[in-house]
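A.B. asks: need coordinates for the following:
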Amino acid sequence: MAGAAPGANTSYGSARKLIAAKAKEYSIVSSYKLGYRNREDITNLPAGVLIVGSQNALHNISDRIQIRQGYSVDGQVSTNNSPILSSFDFKTRFNEEVHLRAGLNDTGTDGKLQYRYVDGSGTVTWNDLLTNLTSVNFNFTTFWDSSETLRECLFVNGASQIQKWNGAIATLASADNTAGHIAALNATPTAGGTGYTVGDILTITTGGTGGTAKVLTLGGSGAVASVSLVTVGSGYTTGTGNATSGGTGTGATLNITTVSTGSIVVNGTSTIGQLGFYVNSNLSLSINGNTYTYTSTFGNTFLGINTNPSGEAVNSLIVQSVVTTLNSAMTNSDTTFPTFQNGLISVLNNQIYLASLTSSVVYISKVGSYTDYSYSTPRQTGEGDIETLDENVVALIPQQNFMYVSAGTDLWYNISFQIQTSTVGVTYEQVNVVPLKTGQQQGALSQAFVSHMKNFMIVGTNETTIDMFGTTENYFENPQQTNISDPIKIDIDSYDFTDGSIFYYRYHIFVCVPKEGLVLMYNLATKTWETPQTLPISRFYIVNGQLYGHSYESSESYQMFVGYADRVYPGFLGHPINFIANFSYENYGTRFSLKQANALYVEGYINSNTALNITLTYEIDGCATMKNFTINGSDTQVVCIRPTEGSLGKESLGKVKLGGSGTSSLTGLPPKFRAIPTFTNTDFYECSLSFSILGVNQRMELLAFGLNASESTQEAVAIKK
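C.D. replies: Purely as a prediction, here's the structure:
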């Protein structure tokens, strides 16, 4: 009985035979574990391999091919068409994230170093830290300042100086130019009085107003033995015997040792030190582009302000100023150091490694200092050093106990320290600079093309290859370079990697190729490449564990892989994502026989607003013919649409996902579809299937596909002589 379900009028055994027979009708592809390749001939690859022309397609952990997600603007929308050329992320002493980016304006004359700020409402802005820069090719590192007990960002950009910033930011509660703020109070009172209780608050009444102190300890008869300053007040002068009121006793007088003019008070109860500002040196801050120095701090107040800050608006940002130290002000016996062009900087064990892109010299600082590069003879533990390599330095990257250095186009070194004892019993620390065994063109492309990945370094080389660099199972002593980009060699060889970078995130290696408008992705779990992603990213950064990127097309930054549209911002739904998944040519087991087919099976998941375009290409480049089909996500004949399907126009924003279903799936996927387009047969030797989507907020995941291909009744044409 035609069309009967198994179990109706057929036995279980015959039903199994029917299923087996039907299964043989289609050559189904349902595994994509080789990912994307562009090396072999596209007619010589296994089924299910993504080939050249594919873009914005990802092979996910469930072994489906999906359209990549989009990106949304992080901060201000920009009309400046100049790229972000450098960036850095570091964490303060309190593990607060600080994000920096640097770029030029449209004319390339006004470079800016900016920091990311998030206000109390969650609004993100990128604010200027330095302006009027002629070079924004910064390199950065993180340094621990033991005198301030702060973690700092050090940076260089080719000038003969090192700059640092601690990332401290607060908001303004009030500011004044009033004289007589109490900056310091002697802990011992002039007179202790009688009858006081620990914790009493005493108001200082002599000379000024608003100054208070707290009773800390007592002597006999309730006499005050020690106090601490609570509020700084104003109008006071230094001196002893300042009368007080309040508390449970009488007769206590206090000794004001220091007063100052001007104050800047920050919002909140955290102290200036707790907010990460300097309290011992480099006492300078900025508000709305205006620079103020201060002489001391108390609680949440900066004191001793050099110019009148009272005109600054409440809730303005207070930012610690960048500190610049010229090479000429640093300690180094090398006569060329004052004019050395600091282009590279890194740190290992809190020793700074300083290099120039125009020199083969590497300077090493003393432990705990970024300004002292001096050393004794013989050199002692923790002192500075100078080393000269064979070619100009390109990149510095610490790994384990070594500082790895790439020089020229070919060379790699590692620098380490070893305690030695001379023949006369003198102990000293020897600096070992060891050339590594590498080949021609295996040096790093730039500092931005070296990064860390778990136990390895990842490197973009001059060869050009993308390498993993580190010890392997068979080579524990010497680090090895392993080329992982060979499966996409044709792509790699064709790209311009200028201004690019390499980055590791969640078991993926990301390679920015901004001149091409592409990001390449290597999946470490499957050891395969994804298709090229059309993303305008020059650098990546991480915010709260999520991936973000800086633009190469404008002064913008983005949250990556959110939604299904590109460059989304308030009031703009974004640009469409052009998804193309081209699969390798299939010959169904024989290259020399003609085949025939008149039906295609496609299975996957699709949103109701999505149109999936399918192209069946016969022979290479479609030289025989091409057939086109479209699967609409709203077609209930092929899509299992849930009864409460909620698309835009049916429900208000916020109730359902854009283009998604109002009923949540156990898998979090769109509705399932199965489609069998039929068509007139055209005999062929080999064919390829392509899937494409172009739209905003459209989503599809491809699970399986295949033709009902079989041997043709026609014979192949033979050449006769």
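A.B. asks: going forward, measure contacts and count neighbours with C-alpha atoms only.
C.D. replies: Fine.
A.B. asks: look up the closest residue to G706, ignoring the ones flanking it.
C.D. replies: With CA to CA, 6 or more residues apart in numbering as the criterion, G706 has its nearest non-adjacent residue at 4.3 Å, and that residue is I28.
A.B. asks: show me what the helix or strand containing that neighbour is packed against.
C.D. replies: Taking DSSP states H and E as the definition, I28 sits inside strand 27-29. Contacts defined by 3 or more CA pairs under 8 Å, 6 or more residues apart in numbering; DSSP states H and E place strand 27-29 against strand 700-707.
A.B. asks: tell me the phi and psi of the residue nearest the centre of the chain?
C.D. replies: In the chain, the residue lying closest to the centroid (CA atoms, centre = their mean) is Y541, at 1.2 Å. For Y541, the backbone dihedrals (degrees, to the nearest 10) come out as phi -150, psi 160.
A.B. asks: ok, it - contacts?
C.D. replies: Neighbour list for Y541: S87, F88, D89, H99, L547, Y548, G549, H550 [criterion: CA atoms under 8 Å, 6 or more residues apart in numbering].
A.B. asks: same check, this time on I264
C.D. replies: Contact partners of I264, counting by CA under 8 Å, 6+ apart, are L172, A173, S174, A175, D176, T301, F302, L303, I305, P309.
A.B. asks: local confidence estimate at the residue nearest to G706?
C.D. replies: Reported pLDDT at I28 in the predicted model: 96.
A.B. asks: what distance do you get for it to V259?
C.D. replies: To V259, I28 is 84 Å away according to CA to CA, to the nearest Å.
A.B. asks: which one's more surrounded, these two?
C.D. replies: Using other CA atoms under 10 Å, the more surrounded residue of I28 and V259 is V259, with 22 against 18.
A.B. asks: shouldn't the more buried one be within a helix?
C.D. replies: No. With DSSP: H, G, I helix; E, B strand; the rest coil as the criterion, V259 is strand rather than part of a helix.
A.B. asks: my read: N401 touches N414, true?
C.D. replies: No. N401 lies out of contact with N414 (CA atoms under 8 Å); the separation is 9.4 Å.
A.B. asks: which one of those two is surrounded by more residues?
C.D. replies: It is N414, of N401 and N414, that has more neighbours when counted by other CA under 10 Å, with 20 against 12.
A.B. asks: name all residues that make contact with that one.
C.D. replies: For N414, the contact set (CA under 8 Å, 6+ apart) comprises F402, M403, Y404, V405, N432, V433, V434, P435, L436.
A.B. asks: nearest spatial neighbour of L344, skipping sequence neighbours?
C.D. replies: Excluding the flanking residues, the one nearest L344 by CA to CA, 6+ apart is A355, at 5.0 Å.
A.B. asks: tell me which residues touch that neighbour, please.
C.D. replies: Neighbouring residues of A355 by CA under 8 Å, 6+ apart: Q341, N342, G343, L344, I345, V361, V362, Y363, V393.
A.B. asks: right, and G241 touches T188 too?
C.D. replies: No. Using CA under 8 Å, G241 is not in contact with T188; the gap is 11.3 Å.
A.B. asks: name the residues contacting each of the two.
C.D. replies: L254, N255.
A.B. asks: among the contacts of I264, who's most crowded?
C.D. replies: Within those, neighbour counts (other CA under 10 Å) peak at F302, which reaches 27 neighbours.
A.B. asks: helices or strands next to the helix or strand hosting it in the packing?
C.D. replies: For F302, the element it lies in under DSSP H and E is strand 301-303. In terms of contacts (3+ CA pairs under 8 Å, 6+ apart), strand 301-303 is packed against strand 263-266, strand 296-298.
A.B. asks: run the last query once more with 10 Å
C.D. replies: Strand 301-303 sits against strand 169-176, strand 181-185, strand 224-234, strand 263-266, strand 290-293, strand 296-298, with contacts defined as 3 or more CA pairs under 10 Å, 6 or more residues apart in numbering; DSSP states H and E.
A.B. asks: helices or strands next to the fifth one in the packing?
C.D. replies: What that stands for is strand 290-293. Identification of packing neighbours for strand 290-293 by 3+ CA pairs under 10 Å, 6+ apart yields strand 284-287, strand 301-303, strand 317-320.
A.B. asks: for the nearest residue to D491 once chain neighbours are set aside, phi and psi?
C.D. replies: Closest residue to D491 apart from its sequence neighbours, by CA to CA, 6+ apart: N38 at 6.6 Å. As for N38, its main-chain torsions (degrees, to the nearest 10) stand at phi -150, psi 70.
A.B. asks: looks like N38 contacts S494 (just checking).
C.D. replies: No. With contact defined as CA atoms under 10 Å, N38 does not reach S494; the gap is 11.3 Å.
A.B. asks: ok, N582 to N613 distance?
C.D. replies: Counting by CA to CA, the separation of N582 from N613 is 12 Å.
A.B. asks: no, scratch that, I was asking about E711
C.D. replies: According to CA to CA, E711 stands 27 Å off from N613.
A.B. asks: again, but for Y115
C.D. replies: Y115 sits 43 Å away from N613, going by CA to CA.
A.B. asks: higher neighbour count, these two?
C.D. replies: Using other CA under 10 Å, the more surrounded residue of Y115 and N613 is Y115, with 20 against 16.
A.B. asks: quick one: pLDDT of the residue nearest to the more buried one when sequence neighbours are not counted?
C.D. replies: Distances taken as CA to CA, 6+ apart put L100 closest to Y115, at 4.6 Å, once the chain neighbours are dropped. pLDDT for L100: 98.
A.B. asks: L100 against L129, yeah?
C.D. replies: Yes. Applying CA under 10 Å, one finds L100 in contact with L129, separated by 9.0 Å.
A.B. asks: how about the contacts made by Y548?
C.D. replies: Neighbour list for Y548: 71-74, 537, 539-542, 557-561 [criterion: CA atoms under 10 Å, 6 or more residues apart in numbering].
A.B. asks: and those residues, which of them are in helices?
C.D. replies: In helices, judged by DSSP state H, none of these are found.
A.B. asks: among those, which one has the most neighbours?
C.D. replies: I537 (30 neighbours).
A.B. asks: look up the closest residue to that one, ignoring the ones flanking it.
C.D. replies: S551 (4.7 Å).
A.B. asks: now do the same contact list for that neighbour.
C.D. replies: For S551, the contact set (CA under 10 Å, 6+ apart) comprises 73, 81-85, 103, 514, 517, 535-540, 557-558.
A.B. asks: next, find the distance separating it from Q430.
C.D. replies: Between S551 and Q430 the computed distance is 44 Å (CA to CA).
A.B. asks: could you do T630 as well?
C.D. replies: Distance from T630 to Q430, counting by CA to CA: 70 Å.
A.B. asks: of these two, who's got more company?
C.D. replies: Using other CA under 10 Å as the criterion, T630 and Q430 rank with Q430 on top: 17 against 14.
A.B. asks: the more buried one pairs with what?
C.D. replies: Note on Q430: beta-bridge partners by DSSP bridges are Q418.
A.B. asks: isn't it right up against E387?
C.D. replies: No. Between Q430 and E387 there is no contact under CA under 10 Å: 11.8 Å.
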